[in-house]
Structures are given as structure tokens and as C-alpha cells.
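Novice: Generate coordinates for the sequence data below:
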Amino acid sequence: MLEDNKRLSNLIIESLEERNYHVDWFENGKDAINAIFDGYDCFILDINVPGIDGISLLKEIKSVYSSTPCIIISANVELDTIKDAYTKGCDEYLKKPFFVYELETKLDRLCITEEAIIKLSEDYSYDIIKQKLFDKHMQEIKLSKKEILLMNLFAKYKDRVITFEHIEQYVWQGDLTTNDNIRALIKRVRKKLPKDTIISQGGVGYKLNIN
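Specialist: As a prediction, this is how the structure comes out:
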């Protein structure tokens, strides 16, 4: 991550490490460019930083790792700058100020390094990249936006219990909701999955049961 705001950087690092991401932080673009060959799964870049700016670093990264996701985080909202970032290969442009959960959502979608296809049963699978649920005939089972976000969350943390709080933050994207609404969403998704694919965890949350 290239970001010269220490307070924001610490907030992002703390949040992402809680979600099992490992983050290397650089304040200066010249230091960051020397590290881009270290095998990262994703890059988070601010634009206006000391040394080499984020757009120039983005260009260097994409010239070597064209498929590695890059997310720009910047207070610069000029249309020409945003267009330039996308032209040089940025995958997402997140305008400051933003909620950290917004960055988490983009990272979860872009930077998943596990297998792309999650086998839910012999007959059902979920494609993380395409964000689609398929039956045994590879026919797509339609999902709503919140259902997709929920499936993304389960797929990303398929070996962990997903708490009500985590579901609220990720699926409702910062809006407040109730546990009853979460239970209703779980009920709708369960109807589209094999029996017992999503199991309750003692009133704490839910877990994907695919072992």
C-alpha cells in the first residue's frame, strides 16, 4: 500500500489485518517502486505522495503485472485524473474520504487468491470472479445484489464463522440493519442452495458447510 497519511494508513492496516490480509506500507513512491516485484496479490495506491506519484507507479506495476489488481485511493476527483488512472490500468478508483469497509469490499472482490470456483456440493458451485451461482447443469441461479455480497463473504471466509456484525458491515455496506433482516437474507439464500450449506453458529453468526 502506498499512502502518506499515517492515520489513514494505520486505520486501513488494522482493519485489513483483522481480516487476515498482510499489508506492506510505503509512504514514498520511490520506496514502493523497489518493492513491486515482491509478489503482491493486490496494490493500493494514493496519487499525491512524495517521490514517485501513484499514477506513475500504477503504470510501472501494470507493465509487469498486467493482471494484478490495483486500487487507487485519492482525494483527487478531477475527471482527467480519474480517466488517466483507468487508462493506465487501475481496477477501482476510490475517492477520499471513504469508509474502510468500502475498500474491504473492493479488495475482497478483486484480490481473492483462493480458487475461483467454490464447490458447494456435487451439484452446486459458486464462481467468485463472475459472482454467479450455478446448478449441476451449469445453469445460473439468479441472486440479488445482497445475496451476491453474502455469497462473496462466505466464499472468502469459507472456513470461518461470519458474525452478524460482519454481515451487516459487508452486505449492507455501512447502513444499519437488524439481525432479523440478516436472518431473512440467509433464509432467502438457503432456498437457493443445497440443504445445510449455511449453518447457524449459536446465535453468533453463520458458517459455510462444504467440508
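
Novice: rest of the way, CA atoms for contacts and neighbours
Specialist: Will do.

Novice: any idea how far residue 33 is from residue 166?
Specialist: According to C-alpha to C-alpha, to the nearest Å, residue 33 stands 34 Å off from residue 166.

Novice: Would you state the strands of this structure in chain order?
Specialist: In the chain, the segments counted as strands under DSSP state E are 43-45, 70-74, 92-95, 117-119, 125-127, 132-134, 140-141, 162-163, 198-201, 205-208.

Novice: Parallel or antiparallel, list what pairs with the fourth one.
Specialist: It stands for strand 117-119. strand 125-127 (antiparallel) (DSSP bridges).

Novice: do the same with the last one
Specialist: The strands that strand 205-208 pairs with in its sheet are strand 162-163 (antiparallel), strand 198-201 (antiparallel) (by DSSP bridges).

Novice: What residues of the last one count as buried?
Specialist: With burial defined by 16 or more other C-alpha atoms under 10 Å, the residues of strand 198-201 counted as buried are 198, 200.

Novice: which residue is nearest the middle of the protein?
Specialist: The residue lying closest to the centre of the chain (C-alpha atoms, centre = their mean) is residue 108, at 1.8 Å.

Novice: Please name the nearest non-neighbouring residue to that one.
Specialist: residue 156 (7.1 Å; C-alpha to C-alpha, 6 or more residues apart in numbering).

Novice: so the residue nearest to the centre of the chain makes contact with residue 157?
Specialist: No - counting by C-alpha atoms under 8 Å, residue 108 stays clear of residue 157, with 10.0 Å between them.

Novice: hang on, the earlier thing: lowest mean pLDDT across the strands of the chain, which one is that?
Specialist: Ranked by mean pLDDT, the strands of the chain end with strand 117-119 in last place, scoring a mean of 84.

Novice: which residues are in contact with that strand?
Specialist: 125-128, 155, 210 (C-alpha atoms under 8 Å, 6 or more residues apart in numbering).

Novice: Kindly report the same for stretch 196-208.
Specialist: 120, 154-155, 158-164, 190, 209-210.

Novice: Return the member of these nearest to residue 144.
Specialist: residue 190 (13.2 Å; C-alpha to C-alpha).

Novice: before we move on, the earlier item: please tabulate the contacts of strand 117-119 in JSON lines, including the columns distance to residue 198 and neighbour count.
Specialist: Output for the contacts of strand 117-119, formatted as JSON lines (distance: C-alpha to C-alpha, whole Å; neighbours: other C-alpha atoms under 10 Å):
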{"residue": "125", "distance to residue 198": "14", "neighbour count": "19"}
{"residue": "126", "distance to residue 198": "14", "neighbour count": "22"}
{"residue": "127", "distance to residue 198": "17", "neighbour count": "17"}
{"residue": "128", "distance to residue 198": "17", "neighbour count": "23"}
{"residue": "155", "distance to residue 198": "11", "neighbour count": "24"}
{"residue": "210", "distance to residue 198": "9", "neighbour count": "13"}
